[in-house]
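>>> I would like to see how this sequence folds:
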Amino acid sequence: MEFENRKVLFVDDDPNILRALKRDLWGEFNVLTAVGALEGLKVLANESPVEVVVSDMTMPVMNGLIFLRRVQNEYPNCIRVVLTGNADLDIAVKAVNQGQVFKYLQKPSNTENIINVIKESIEKYDQNKAEKQLLESTFQSTINVLIDIMALINPVSFSRTNRIKYFVTKLVNFLKLPNAWQYEVAAMLSQIGSVTVPPEIMEKLYSIEEFTEAESKMLRSIPETGYNLISKIPRMNTIALIIANQMLEYKADEDRIEDITTPEIIGGYILRISYDFDSFLSKCFTHREAYLELERNKNVYHPVLLDLIKKIKPPEMQKKKTMVAIRKLMVGMILENDVKTKHGVLLAKKGQKISSTMKTMFENRLTHDDIPEKIMVSIHKKISMHF
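The predicted model follows:
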């Protein structure tokens with residue numbers, strides 16, 4: 001493993017110690033130094049990412065323990081090491097045991113020992129980074145599998161999630177909310193709770209038919225069912241809570257949207273207005289008519305979101321419609337008609353994006369002569385076709 005280009009920051013209030021460290025470690029690492037904790041924070045801000053921070057414990061203005069806690073909060077990937085004298089040894093050991101720092105070096109420490117500890121720290125940094133990338137990849141794969149399964153089990157519900165996500169993404173961008181991906185994933189999985197609701201009831205969302213009390217109860221259960229399913233997945237608790245709150249009504253005492261600090265609350269408000277707006281548009285309301293329906297129930301929605309969604313136009317249809325043979329379908333095409341079996345069973349809803357799983361399902365059905373050989377799709381500019 002190459003170490004000479006890896007950034008290591010030493011923080012101490014004694015410039016002589018820092019000069020000696022830089023001299024002794026020249027050629028081993030990319031050594032950065034800072035006199036005191038405040039200067040250390042400036043270096044981290046300018047040089048990020050820094051793989052390892054080695055900090056003295058006893059410093060004026062901000063001691064090493066407080067400094068390293070700041071590093072832990074602001075730069076969680078950075079590996080933290082304490083450089084301590086005998087007087088602070090107990091504190092250093094406690095910090096290691098509590099997971100606040102990775103290792104400690106005791107003053108005075110010879111160069112070989114410092115090099116070994118820093119190399120161990122860099123290896124730990126690389127290990128953590130690899131594990132994080134694996135987790136993120138697994139996390140994304142889990143979401144994709146859930147979306148694919150939902151599209152197959154309940155195509156009526158899934159057909160609207162892309163549209164809901166469109167409005168959610170626009171609102172989140174308008175508000176400049178951090179961790180935008182959480183709201184987008186919540187939108188894509190918002191209807192997963194509908195797996196317990198018969199498809200024919202979900203179909204009524206697109207008509208002017210009234211729901212019975214029993215049917216309304218089923219629809220009201222969708223957020224809770226979705227929460228129960230998603231909350232069991234690691235790292236998905238916030239997303240699960242947003243899904244649970246998707247029917248949340250606005251509380252009149254929350255006038256300033258920036259005062260809502262919990263993502264599950266603002267996420268619930270955003271999902272609610274996006275869901276309702278899409279429902280009206282799906283019933284062939286014009287953009288203006290759909291917005292007027294929202295205004296008639298304006299007490300349900302946060303006024304800031306109600307004002308913003310008025311500015312969001314449905315996505316422009318810059319696409320070409322054509323009949324495509326099942327075996328020539330491409331991932332990313334959009335269905336322009338419902339796809340049903342020859343016995344009338346709905347397989348996929350108009351507006352759904354074709355995934356590799358859906359394409360396989362169609363091909364398998366075609367093998368049994370259960371669906372038409374060609375279906376109507378829209379082809380976006382990014383998809384090149386060769387017939």
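
>>> which residues touch stretch 199-210?
154-157, 194, 211, 215, 218-219, 279, 282-283, 346 (Cβ atoms under 8 Å, 6 or more residues apart in numbering). To be clear about C-beta, it is placed using only N, CA and C from the backbone, and glycine gets the same treatment.

>>> Of those - the most surrounded one?
Counting neighbours by other Cβ atoms under 10 Å, the top entry in the contacts of stretch 199-210 is Ser194, with 26 neighbours.

>>> For Lys320, see how far away that one is.
Distance of Ser194 to Lys320, computed by Cβ to Cβ, to the nearest Å: 31 Å.

>>> pLDDT for the contacts of stretch 199-210 - can I get that in JSON lines?
Compiled in JSON lines, these are given as follows (pLDDT from 0 to 100):
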{"residue": "Asn154", "pLDDT": "75"}
{"residue": "Pro155", "pLDDT": "77"}
{"residue": "Val156", "pLDDT": "72"}
{"residue": "Ser157", "pLDDT": "73"}
{"residue": "Ser194", "pLDDT": "85"}
{"residue": "Phe211", "pLDDT": "84"}
{"residue": "Glu215", "pLDDT": "88"}
{"residue": "Met218", "pLDDT": "89"}
{"residue": "Leu219", "pLDDT": "87"}
{"residue": "Ser279", "pLDDT": "85"}
{"residue": "Ser282", "pLDDT": "76"}
{"residue": "Lys283", "pLDDT": "74"}
{"residue": "Leu346", "pLDDT": "87"}
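
>>> Just put the residues you listed in TSV and tack on secondary structure and distance to Met330.
Below are the contacts of stretch 199-210 laid out as TSV (DSSP: H, G, I helix; E, B strand; the rest coil; distance: Cβ to Cβ, whole Å):
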residue	secondary structure	distance to Met330
Asn154	coil	24
Pro155	helix	19
Val156	helix	23
Ser157	helix	24
Ser194	helix	28
Phe211	coil	38
Glu215	helix	37
Met218	helix	36
Leu219	helix	34
Ser279	helix	30
Ser282	helix	26
Lys283	coil	31
Leu346	strand	22
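
>>> Ile375 should be in a strand, yeah?
Yes: assignment of Ile375 by DSSP: H, G, I helix; E, B strand; the rest coil places it within a strand.

>>> Grab the nearest non-local neighbour of it.
Val339 (5.7 Å; Cβ to Cβ, 6 or more residues apart in numbering).

>>> Likewise for Ile379?
Using Cβ to Cβ, 6+ apart and skipping residues adjacent in sequence, the residue nearest Ile379 is Lys320, 4.9 Å away.

>>> Let's see the pLDDT reported for the residue nearest to Ile375.
Here, the pLDDT recorded for Val339 equals 91.

>>> close enough to count as contact, it and Phe362?
Yes: between Val339 and Phe362 there is a contact under Cβ atoms under 8 Å: 7.1 Å.

>>> so where's the stretch 201-350 of the chain uncertain?
Scanning the stretch 201-350 of the chain for pLDDT under 70 picks out 206-208, 252-259, 261, 284, 315-319.

>>> Give me the contact list for stretch 70-77.
So stretch 70-77 is contacted by 37, 41, 44, 48-50, 53, 55, 62, 78, 80, 100, 125, 128-129, 132 (Cβ under 8 Å, 6+ apart).

>>> From those, list just the buried residues.
Among those, those classed as buried by neighbour count (16 or more other Cβ atoms under 10 Å) are 37, 41, 44, 50, 53, 55, 62, 78, 80, 100, 125.

>>> quick one on the thing from earlier: pull the contacting residues for the residue nearest to Ile375.
Listed by Cβ under 8 Å, 6+ apart, the contact partners of Val339 are 346-348, 362, 371, 375.

>>> Reformat the contacts of stretch 199-210 into TSV and put distance to Ala187 next to each item.
TSV is the format used below for the contacts of stretch 199-210 (distance: Cβ to Cβ, whole Å):
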residue	distance to Ala187
Asn154	16
Pro155	17
Val156	17
Ser157	13
Ser194	14
Phe211	23
Glu215	24
Met218	21
Leu219	18
Ser279	14
Ser282	15
Lys283	20
Leu346	22
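
>>> hang on, the earlier thing: quick check: the gap between the residue nearest to Ile375 and Leu152.
Note on Val339: its distance to Leu152, by Cβ to Cβ, is 12 Å.

>>> same deal with Val345?
12 Å.

>>> now Val82
For Val82, the distance to Leu152 - Cβ to Cβ - is 54 Å.

>>> Have a look at those two and say which one is more surrounded.
Val82 (26 against 16).

>>> tell me which element that one is part of?
strand 79-84 (DSSP states H and E).

>>> Sheet-wise, list the partners of that strand with their directions.
For strand 79-84, the paired strands and their directions (DSSP bridges) are strand 52-56 (parallel), strand 103-106 (parallel).

>>> How about the contacts made by Gly85?
Counted by Cβ under 8 Å, 6+ apart, Gly85 has contacts 57-58, 106-107.

>>> which two of those residues lie the greatest distance from each other?
Across those, the longest distance by Cβ to Cβ is 13.4 Å; it joins Thr58 and Gln106.

>>> before we move on, back to that, can I get the CA coordinates of the strand holding Val82 in PDB?
In PDB, the C-alpha atoms belonging to strand 79-84 read as follows (Å, rounded to 0.1, in the frame of the first residue of the first chain):
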ATOM      1  CA  ILE A  79      -9.600   8.500  11.700                       C
ATOM      2  CA  ARG A  80      -8.700  10.200  15.000                       C
ATOM      3  CA  VAL A  81      -5.600   9.600  17.000                       C
ATOM      4  CA  VAL A  82      -4.600  11.200  20.400                       C
ATOM      5  CA  LEU A  83      -1.000  12.400  21.100                       C
ATOM      6  CA  THR A  84      -0.900  12.600  24.900                       C
END
